[in-house]
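**Q** please work out how this folds:
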Amino acid sequence: MPVNAPSSILADALKSPDDDAPRMALANTSEIATWHSHLIQVQCDLAQRVANDPFRHEWQAVDHVEQRLLGGLSSFERGFLQLRPNLAVFFRRGFLEVVTAELATILDHGEECLAFALFPFVNRLHLTGDTARIPDLCSSPLLQRIDHLWFAEALCDDGKVKALSSSSNIGHLKSLSFRFWGECDEKGRLADYGGVISPDGAKALASSSSLRNVQSLDLTFHDLGLHGTQHLTRSATLQNLETLCLDLNDIGDDGVKELAVAENFTSLASLSVRDNGISLEGIHALISGPRAQGLRSLRLTDNDLGPDAGTVFAKTTCFGRLEYLYLANCSLGEKGFSDLLEFNRLPQLRSLNVDRNSIGPSFFDIFRAAPAIAHISAMSNGISDDNAHHMLGGTGNRSSELRSLNLSDNNLGNGFAQAISESSAFGNLETLHLAGNSVDDIGASYIRQSESLKNLQLVSFDASRVSDQEQRLLVDRFGDGVVFK
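**A** Numbering: from 1, shown residues only. Below is the predicted model:
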């Protein structure tokens, strides 16, 4: 890490993690090692491509670069980074930003962490494994350096949450995650690992005076229910909360009602309540409360909303700021999707996920109804070539904003590939996922040779349907931007 780099350039780079300009300026100074300059340039290029596809995580593109370019580190630094499998590091646009490690590793190597030349710039810590030593973490000076603390698949029960909530070292935390994924019993509930956060744990978080600066809170896959949700929504501490994830917590429609009217959540912009037993009643409650008006992102995936949900979203005026809407596996059906296409009530919508909704051929209507949407995912919807030529050919220039399109695992064939390749409406399309369809060499060649898809950079196909020869030709055209699954 450029510990000797000019302070003003370094400060600009650290202040704007998503801005390439200051990082490229840093890469062009003589104050940093050659390996690090190269790393910044390579990762900025990769991150720019991935940024155009919200359905692909950035680490998938940049993860492999670090191992090829770490030769410039000292032997001590390389040794620290090789504490695997107990520790993993991620560089983002050339900066070591995230450390994933077992809690014991961080605590046992605390002095090395603080002395490590790259470590002072880490602001995200992902902890895995046994969390019995959370009380030790609470008193560790390392915790004072961290802005984002995530317990990645680590078991945290109410007692550990209470210990962390009472720590005086977490006052500067901006995000806190207790996201957990575990095995379910025959009823679909989390198996007894002794690590589930209940309403008592939620109460500890809600009453902690040390969490006043937290802007993002993730409590995925616990047992909060209605009462835990009430503790959070009535908290006087969490008034700066902008992002809240309560996926798989069985909050139900009553929990949504609490969220909809939460007086202290005036800054809430992103809400995720995936798989919570929410019905259409919950959606009506949400749109009747004041919090819906401030939302920019809403994830309702895996709730059985039914086809009438499309009408609700199409007719309400409270989602005027909504940019990201996730309705995957919500039982919309063809009717619900068709009703949803009344997009004049969602003027800011830029990204829509309707995976696994049995939409069928009506999907292609979206290219007439929603010209401003930049990102669409409609995996596993039984979409076929029917009407593809008619709908894609009749869009004119209305779909010029579309940047990424994920149609994996449908019934599309060469007819769709030809239609989209010949349409003049998709000149700005940068990402196209077609894996799990029936597109073979003929369809792949249409896309490869298309003059209309001039900006296409990332594309995926079903490996079993595309010959080795055509795969080589696709690699010649798209480089590492083509994926065969």
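
**Q** which strands or helices does the strand ranked longest in the chain pack on?
**A** When the chain is parsed with DSSP state E, its longest strand is strand 95-102. Applying 3 or more CB pairs under 8 Å, 6 or more residues apart in numbering; DSSP states H and E, one finds that strand 95-102 makes contact with strand 87-92, strand 124-128. C-beta: built from backbone N, CA, C; applies to glycine.

**Q** of the ones you listed, which shows the lowest average pLDDT?
**A** Mean pLDDT is lowest for strand 87-92 among these, at a mean of 65.

**Q** and stretch 261-268, how far out from the chain's middle?
**A** 23 Å (CA atoms, centre = their mean, to the nearest Å).

**Q** quick check: end-to-end length of it?
**A** 11 Å (CA to CA, to the nearest Å).

**Q** likewise stretch 402-416?
**A** Start-to-end span of stretch 402-416 (CA to CA) is 17 Å.

**Q** same question, stretch 19-38
**A** Stretch 19-38 has an end-to-end distance of 17 Å (criterion: CA to CA).

**Q** in that stretch, what's buried?
**A** In terms of neighbour count (16 or more other CB atoms under 10 Å), stretch 19-38 has its buried residues at 20, 22-27, 32, 36-38.

**Q** likewise for stretch 308-323?
**A** Quick answer for stretch 308-323 (16+ other CB under 10 Å): 309-314, 316, 318-319, 321-323.

**Q** same deal with stretch 150-158?
**A** 150-152, 154-158.

**Q** got it, and stretch 457-472?
**A** For stretch 457-472, using 16+ other CB under 10 Å, the buried residues are 457-462, 465-466, 470-471.

**Q** my read is Ile373 is in a helix, agree?
**A** No - counting by DSSP: H, G, I helix; E, B strand; the rest coil, one finds Ile373 to be coil, located in no helix.

**Q** ok, now which ones touch it?
**A** Listed by CB atoms under 8 Å, 6 or more residues apart in numbering, the contact set of Ile373 reads 343, 349-352, 366, 401-402.

**Q** if we go to 6 Å?
**A** Going by CB atoms under 6 Å, 6 or more residues apart in numbering, Ile373 touches Leu352.

**Q** before we move on, what about the one 5 residues further on?
**A** If you count contacts by CB under 6 Å, 6+ apart, Ala378 has them with 354, 363, 407.

**Q** any chance of those residues in JSON lines with secondary structure and neighbour count as columns?
**A** Converted to JSON lines, the contacts of Ala378 look like this (DSSP: H, G, I helix; E, B strand; the rest coil; neighbours: other CB atoms under 10 Å):
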{"residue": "Val354", "secondary structure": "coil", "neighbour count": "25"}
{"residue": "Phe363", "secondary structure": "helix", "neighbour count": "25"}
{"residue": "Leu407", "secondary structure": "coil", "neighbour count": "25"}
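
**Q** from these, which shows the smallest pLDDT?
**A** At the low end of pLDDT for the contacts of Ala378 is Phe363, which has 92.

**Q** nearest spatial neighbour of that residue, chain-adjacent residues omitted?
**A** Ile383 (4.8 Å; CB to CB, 6 or more residues apart in numbering).

**Q** surely that neighbour is in contact with Asn410?
**A** Yes - Ile383 lies in contact with Asn410 (CB atoms under 6 Å); the separation is 4.1 Å.

**Q** and of the buried residues of stretch 19-38, the nearest to Ser270?
**A** Proximity of these to Ser270 was ranked by CB to CB; the top entry is Asp20 with 24.3 Å.

**Q** any idea how far His375 is from the closest one?
**A** For Asp20, the distance to His375 equals 21 Å [CB to CB, to the nearest Å].

**Q** pLDDT weak spots in the stretch 201-350 of the chain?
**A** Along the stretch 201-350 of the chain, segments meeting pLDDT under 70 span 343.

**Q** and the strands in it?
**A** Along the stretch 201-350 of the chain, counting by DSSP state E, counting those that start in this stretch, strands occupy 216-218, 243-245, 270-272, 297-299, 324-326.

**Q** so which of the ones you listed comes closest to Glu263?
**A** Within the strands of the stretch 201-350 of the chain, the stretch nearest Glu263 is strand 243-245; the backing value is 14.6 Å (CB to CB).

**Q** for the closest one, packing partners?
**A** For strand 243-245, the elements it packs on are strand 216-218, strand 270-272, judged by 3 or more CB pairs under 6 Å, 6 or more residues apart in numbering; DSSP states H and E.

**Q** before we move on, the earlier item: in CSV: the buried residues of stretch 308-323, plus distance to Ser423.
**A** Below are these laid out as CSV (distance: CB to CB, whole Å):
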residue, distance to Ser423
Ala309, 30
Gly310, 26
Thr311, 30
Val312, 32
Phe313, 27
Ala314, 26
Thr316, 32
Cys318, 34
Phe319, 30
Arg321, 31
Leu322, 28
Glu323, 25
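
**Q** between the residues you listed, which is nearest Gln43?
**A** Among the buried residues of stretch 308-323, and counting by CB to CB, the member closest to Gln43 is Glu323, at 25.9 Å.

**Q** for that closest one, grab phi and psi.
**A** Per-residue torsions, Glu323: phi -110, psi -30 (degrees, to the nearest 10).

**Q** contacts only, for it.
**A** Contacts of Glu323 (CB under 6 Å, 6+ apart): 296, 348, 350.

**Q** same check, this time on Gly282
**A** Counting by CB under 6 Å, 6+ apart, Gly282 touches 253, 256.

**Q** I'd assumed Gly481 was in contact with Gln457.
**A** Yes - the pair Gln457 / Gly481 is scored as a contact, 4.8 Å apart, by CB under 6 Å.

**Q** distance check, the residue lying closest to Asp20 once chain neighbours are set aside against Ser270.
**A** Counting by CB to CB, 6+ apart, Asp20 lies nearest to Cys44, which is 4.6 Å off, once chain neighbours are set aside. To Ser270, Cys44 is 26 Å away according to CB to CB.

**Q** residue ranges for the helices of the stretch 351-485 of the chain, please.
**A** Secondary structure of the stretch 351-485 of the chain (DSSP state H, counting those that start in this stretch): helices located at 366-369, 388-393, 414-422, 441-449, 468-478.

**Q** wait, what's in contact with the residue nearest to Phe337 when sequence neighbours are not counted?
**A** Spatial nearest neighbour of Phe337, excluding adjacent residues (CB to CB, 6+ apart): Ile359 at 4.6 Å. Ile359 sits next to 334, 337, 381 when contact means CB under 6 Å, 6+ apart.
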